[in-house]
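Undergrad: The following comprises the amino acid sequence and a computationally predicted model.
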Amino acid sequence: METAKLGKTDIEVTALGIGTWAWGDRLFWNYGKEYGEEQVKTAFEAALDAGITFFDTAEVYGPGISESLLGQFMQQHRDQPIDIATKYGPLPWRFTKEAVAEAVTASLKRLQLPIVTLYQVHWPFTFFMSQETLMDALADEVQQGRIKSVGVSNYSADQMREAHELLAKRDIPLAVNQVQYSLLHRNIERNDVLKTAQNLGITILAYSPLAQGLLTGKFRPEKYSKPEGPRQFKPQFKAENLQKMSPLLQKLDELSEKYQKTPAQVSLNWLMCQGNVIPIPGAKNADQARQNAGALGWRLTAEDVQELGKLSD
């Protein structure tokens, strides 16, 4: 199985992970109505069967349900190494190092784990707790053996540099910055986040790598139907925007035929070809998990990577 390192740590995880925001989320993903625990458990099992052992969650997914489900599912695979990444929310009432420790304790309890592979700060918020206090608290957790590595999420280039410098004072590398990144969302290439991460040796965890389904081939201008759920309110899912995407969608179809892969698998592979990028697509059922796994074990040519980049820029 293809693996990738988390930044400059010695930790290796599968080169593609599974995002579990939808596991328990009723607000956006309609968990409990369109699908439930049985379906996401099959996604977990299918991912493991395909060799994917890296799962990303957060204390606010559900809230807490996503972590709890992962904790339950892992009990049947105690002999199998599974890497879990979760996230801490820097909420207003959390303004001490003790609050960070309490959050770690709660996540580990839900996950039924003594240690988690990666612990990330979900978003930058330093009004009540300074970045220095937060990073110092996370460094304490690494040294106490409750988290293996530290990451951030949704951090700008400057915020990432600051976190990197603060952790370096404790001889701990900043392992990852989890940000939105896909063929249809390439802001990190323009706002210095990707370049800074590459220069500092920080891995990018790419969330929403399939642009919430736009890169799967499911939504097409020639057979347009208004999407259901929250997607119907997003401008990128409107017919006129899908029409603008036609050249990219056509190229994905062409490459799908060339490589005998799906548009989604081609899109995920394009991200992995960027270097030091680990996509974490979601999976609500076994079929989606297997589809995600099909992005591993092969590579687009440099020419195809460049062509997709031109059409999506």
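TA: The structure has been received and is ready for your questions.
Undergrad: which element follows the lowest-mean-pLDDT helix or strand in the chain toward the C-terminus?
TA: Every helix and strand in the chain was compared by mean pLDDT, DSSP states H and E; the lowest is helix 239-244, with a mean of 77. Following helix 239-244 in sequence order, the next helix or strand is helix 246-259 (DSSP states H and E).
Undergrad: and that next one, how far out from the chain's middle?
TA: Centroid separation for helix 246-259 versus its chain: 24 Å, with C-alpha atoms, centre = their mean, to the nearest Å.
Undergrad: Which parts of that helix count as buried, going by neighbours?
TA: Neighbour-count burial for helix 246-259, counted by 16 or more other C-beta atoms under 10 Å, picks out Leu248, Leu249, Lys251, Leu252, Leu255, Ser256, Tyr259. From N, CA and C alone the C-beta is placed, and that goes for glycine too.
Undergrad: Likewise for stretch 87-105?
TA: Those would be Lys87, Tyr88, Pro90, Arg94, Lys97, Ala99, Val100, Ala101, Ala103, Val104, for stretch 87-105 by 16+ other C-beta under 10 Å.
Undergrad: Filter the residues you listed down to just the ones in strands.
TA: Lys87, Tyr88 (DSSP state E).
Undergrad: ok so, going back, export the least confident helix or strand of the chain as PDB, just CAs?
TA: Extracted in PDB, the C-alpha atoms of helix 239-244 (Å, rounded to 0.1, in the frame of the first residue of the first chain):
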ATOM      1  CA  ALA A 239     -26.400  24.900 -14.200                       C
ATOM      2  CA  GLU A 240     -24.500  27.900 -15.500                       C
ATOM      3  CA  ASN A 241     -21.500  27.100 -13.300                       C
ATOM      4  CA  LEU A 242     -21.500  23.500 -14.300                       C
ATOM      5  CA  GLN A 243     -21.500  24.700 -17.900                       C
ATOM      6  CA  LYS A 244     -18.300  26.600 -17.200                       C
END
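Undergrad: Only the buried residues of it, if you could.
TA: Neighbour-count burial for helix 239-244 [16+ other C-beta under 10 Å]: Leu242.
Undergrad: name the element the residue nearest to Glu37 when sequence neighbours are not counted belongs to?
TA: Excluding its sequence neighbours, the residue lying closest to Glu37 (C-beta to C-beta, 6 or more residues apart in numbering) is Leu69, at 6.4 Å. Assessed by DSSP H and E, Leu69 sits inside helix 65-74.
Undergrad: centre of the chain versus that helix, how much separation?
TA: Using C-alpha atoms, centre = their mean, the offset of helix 65-74 from its chain centre is 17 Å.
Undergrad: picking that back up, which of the buried residues of stretch 87-105 fall in helices?
TA: In helices, defined here by DSSP state H, the members of those are Lys97, Ala99, Val100, Ala101, Ala103, Val104.
Undergrad: Adding pLDDT and distance to Lys169, write these out as TSV.
TA: Formatted as TSV, those follow (pLDDT from 0 to 100; distance: C-beta to C-beta, whole Å):
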residue	pLDDT	distance to Lys169
Lys97	93	15
Ala99	94	21
Val100	96	17
Ala101	97	19
Ala103	97	22
Val104	98	20
